[in-house]
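>>> Have a look; sequence and predicted model below, questions after that.
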Amino acid sequence: MVNLDVAKKWIKTGIDPSAMSPNSIKEIEINSEIVGYAKKNNDNKIIVFQNKCSHMGDPLRISNQKIICPTHGWTYTTDGENVNICELGLRRLDSKTEQNELFIEIPTKPLNLTKGHPSHPL
C-alpha cells in the first residue's frame with residue numbers, strides 16, 4: 001500500500017500527458033493503488049489531485065466526468081472543486097513532466113481532515 005503521508009519524493013506515474021486529450025482525466029495508479037487523478041486542462045496544463053475525499057479521506061472514483069466519494073456522496077468537479085461545500089476542494093499534488101512522463105510529488109505532511117472542518121448535515 002502506498003502511504004502518501006510519509007515520504008516526499010517524485011514518483012513516476014506511467015502517464016504521458018502529451019497523449020491526453022484536453023479536459024480528460026486519468027487515474028494515477030502506483031503499486032496497484034489509485035493514488036490520484038491527473039487532468040489535462042484546455043490550455044494543456046496538467047493538474048493532479050490526491051485520491052482522498054476532503055471530508056473523511058476516503059478513496060474517490062470517477063463517474064460521469066465527476067469525482068465522487070462513494071462513502072457519503074460528496075462530489076467534485078474534474079477541477080477539484082467541491083460541489084457540496086465549496087471551501088473543501090480536493091488536495092492538489094505537485095507534478096512535473098519530463099520527457100513525456102508525468103511525475104507526482106508525494107506530500108510530507110498528513111492531510112488534516114478535522115482541523116477547521118465545517119459543520120455539515122452528514
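Arrived safely, thanks for sending. Numbers count the residues shown, from 1 in each chain.
>>> how close does the residue nearest the centre of the chain get to Asp94?
Nearest to the mean C-alpha position of the chain, counting by C-alpha atoms, centre = their mean, stands Phe49 at 2.0 Å. Distance of Phe49 to Asp94, computed by C-beta to C-beta, to the nearest Å: 12 Å. Any C-beta I mention is one placed from the backbone N, CA and C, and that applies to glycine too.
>>> What of Asn64?
28 Å.
>>> do Thr75 as well
25 Å.
>>> Between the two, point out the one with more neighbours.
Thr75 (15 against 12; other C-beta atoms under 10 Å).
>>> Disregarding residues adjacent in the polypeptide, which is nearest to the more buried one?
Distances taken as C-beta to C-beta, 6 or more residues apart in numbering place Val83 nearest to Thr75, at 4.8 Å, with adjacent residues excluded.
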